[in-house]
Structure formats: C-alpha cells, structure tokens
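Peer 1: test case, fold it:
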Amino acid sequence: MENLKKVELHLHLDGSVRPSTIASILNMDEQDIRKKVCTNKDTKDLKDYLSKFDLPISVMQTKENLTRISYELALDLKQDNVIYAEIRFAPLFHTKQGLTIDEVIIAVLDGLKQVPVKTNLILCMMRGSSYENNYKVIETAYKFLNKGVVGIDLAGDEKNYPVDNYKDLFEIAKNKKIPFTIHAGEADDYNSIDNAIKLGAKRIGHGVRAIENDNTIKLIKENNITLEVCPISNIDTKIYKNIKEHPIKKLYDENINITISTDNRTVSNTTLNDTYKILQNTFNFTKEDFIKINQNAIKAAFISDKEKELLLKELINQ
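Peer 2: This is a model prediction of the structure:
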C-alpha cells in the first residue's frame, strides 16, 4: 500500500501536529505529550476526542510554528505517497496571540509550498461559534479562493449544534460560489446528513451513519454525494466498537462515492498507509478498489477539471 498513489480530502491540520514538534516547542517530554494528544482507551466519545486538540492549538499561535507544522504535515503526506490533499483547519483558533486571520492562512501556505505535494486548504466554520466569526471565515475563504484555499467546512459538536442553525451562512457561501463540505452523520444520526445535503453540500465529512437509513442512501446516490470516510477516527470516537463493525465496505458495495482519510493523524495515531493496510486486512479491499476510491476523491476535490484530469492520469498510470 505504501507505493499506491493516494488522495486525502479530510485532514485536520491541528489534529495532525507531530507530538515531537509540540514537545520541542514546549520543551516537554514527547511521551507526556502523546498521552495528552493521542486517543487512548479512556477516550469516551467525540467530545472527549475533541479535547485532544487543545494542546496542539496552543502552540499554533505564531507564524513560525504554523509554517513549521504545515511543512511537516506536507512531509508526512509525501511519506504516504499522497498526490493531492485538502487540509482543513479553523483559522480563528490561531489568532489568540495577535495574528490576523490573513497572517494565519499565509503562514500555513508558506509551510505547505516547501514540499512538492499538491495541497489546498479548507477553512472551518465552527459549530457553537458566533455568526460573526463564522462569517469572517467565509469572507477569508472568498479572499483566498483558488489562491491556496478551495472551500469551507462546518466542524465541531455536531450533536448539540444542528446543521440547520447555519443555513444562512451556507446561503452566503453558495452566492459567493465557495465550495463546501459539512461534518455530518458522525456524532449525530442520518438526519444530519439529509439536512446537510438539503443545504447544498456535495461532500459530507464522515457520513457513515447513512447506512442506518435506506432513504439517506437513496438521497446520497441521487445527488451524487461523496462521503469523506475516516474509519480509524470513527473507532476512536466510539461510533463503532471495532473496525469490523465499521460500515465502509457496505457503503462501498452500495456504490456510494466513498473516499478514505485519516481525519487526524496525531489524535488518531495513524497514517494513510496504516489505514489502507487495516482496510485491506479487514475487508479484503483490493488495489483496484483503492484506485476507484481515489478516483472518487479526485472527482470530488474542490479543484478545476483540468487539475482533476492530470491527477486522474497520474493515478491510473501508476
């Protein structure tokens, strides 16, 4: 699986900071850092999982650190033989020590461009955040659209902040022609997916709980929706007890456009190569299956048709 070229669409920057980097910035022991930022047997649910981001975000408050962390993530993607990735994060989380939102974006892009891997950013609006703050994210995405930023997302506590609360913001994004994906069908049930599709999402972050309802499956197929499936993190957040219970193979067999991502490399203590190996061993996914899944990812990427064509050629001709 190491040699297979891959595309990753659902990857959080703040969930993928190398523990060794946090340890070096804070002058702490790496093993102590790992206990704080990686999931373990005591992680109870999504809310608990999200608390693992506090420490990484605390060190992502300077241009220097943001550039270093982005650069290292691009290196990690190259190690996984990724030919294209869309990396997401909430830029306002990194303005606590005086950086402007624009400075945050530029610092991250500066790190990514140092590595020869094609990448773009998705900016996250946050559930529970104010309308004004989420509107700022849309404005920033529009300003940097096709200059390193390709879309927006809605992330955070899905259960307590239904997607419908953000309808007006997504109307603004549609009017500005900003592509978007929405976290749905992870901590909440299939209704969350239905509502995200009704708001106009063409991609769903996770979306695995679609398997619980035939009408949702139908809606996904009719609207040609792509699911950004992150199997390892779904186990970590206790949506499923183990990988054998995960519905990724059922979704694939239903001919739904699934893609494979890590979600958070550090928090879930995984790589894309490891994830592929686990899926191969558990569900007998073949190389041909993985190529098809990566074709799905390229077709759903927030990039131009010409860029997609080049990536598809690279994928097929490996």
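Peer 1: show the average pLDDT along stretch 108-116.
Peer 2: Mean per-residue pLDDT for stretch 108-116: 98.
Peer 1: could we number from 40 for the rest of this?
Peer 2: Happy to do that; since the first residue is 40 now, the last one works out to stretch 147-155.
Peer 1: and that stretch, how far from the chain's centre?
Peer 2: 18 Å (Cα atoms, centre = their mean, to the nearest Å).
Peer 1: buried residues in that stretch, which are they?
Peer 2: Val147, Leu148, Asp149, Gly150, Leu151, Val154 (16 or more other Cβ atoms under 10 Å). For glycine as for every other residue, the C-beta is placed from the backbone atoms N, C-alpha and C.
Peer 1: any idea how far the last one is from Leu354?
Peer 2: When Cβ to Cβ, to the nearest Å is applied, the distance between Val154 and Leu354 equals 20 Å.
Peer 1: try Glu41
Peer 2: Distance, Glu41 to Leu354, by Cβ to Cβ: 16 Å.
Peer 1: next one: Thr78
Peer 2: Using Cβ to Cβ, one gets 31 Å for the distance from Thr78 to Leu354.
Peer 1: same thing with Asn303?
Peer 2: According to Cβ to Cβ, Asn303 stands 25 Å off from Leu354.
Peer 1: more neighbours: those two, which one.
Peer 2: The residue with more neighbours, out of Asn303 and Leu354, is Asn303; 29 against 21, by other Cβ atoms under 10 Å.
Peer 1: for the nearest residue to that one once chain neighbours are set aside, what are its contacts?
Peer 2: Ranked by Cβ to Cβ, 6 or more residues apart in numbering and with sequence neighbours excluded, the top spatial neighbour of Asn303 is Gly54, at 2.7 Å. By Cβ atoms under 8 Å, 6 or more residues apart in numbering, the residues touching Gly54 are Lys91, Phe92, Pro95, Asp302, Asn303, Arg304, Thr305, Val306, Ser307.
Peer 1: would you confirm that the first one contacts Thr78?
Peer 2: Yes - A contact is recorded between Lys91 and Thr78 when judged using Cβ atoms under 8 Å, the distance being 6.7 Å.
Peer 1: okay, and the common contacts of the two?
Peer 2: Residues touching both Lys91 and Thr78 (Cβ under 8 Å, 6+ apart): Val306.
Peer 1: run a quick neighbour tally on Asp302.
Peer 2: When neighbours are counted by other Cβ under 10 Å, Asp302 registers 28.
Peer 1: identify the bridge partners of it.
Peer 2: Beta-bridge partners recorded for Asp302 (DSSP bridges): Leu50.
Peer 1: you'd agree it is up against Val268?
Peer 2: No - Asp302 is beyond contact range of Val268, at 9.3 Å (criterion: Cβ under 8 Å).
Peer 1: which neighbours do the two share?
Peer 2: Common contacts of Asp302 and Val268, defined by Cβ under 8 Å, 6+ apart, comprise His49.
Peer 1: for the stretch 90-239 of the chain, which segments count as helices?
Peer 2: 93-98, 102-118, 140-151, 170-182, 206-214, 229-237 (DSSP state H, counting those that start in this stretch).
Peer 1: show residues contacting the helix or strand just after the last one.
Peer 2: Right, the one you point to is helix 229-237. Downstream of helix 229-237, the first helix or strand assigned by DSSP states H and E is strand 242-245. When contacts are defined by Cβ under 8 Å, 6+ apart, strand 242-245 is touched by residues 48-49, 192, 194, 219-225, 232, 235-236, 249, 259, 264-269, 273, 339.
Peer 1: residue ranges with poor pLDDT in the stretch 140-289 of the chain?
Peer 2: Residues of the stretch 140-289 of the chain meeting the criterion pLDDT under 70: none.
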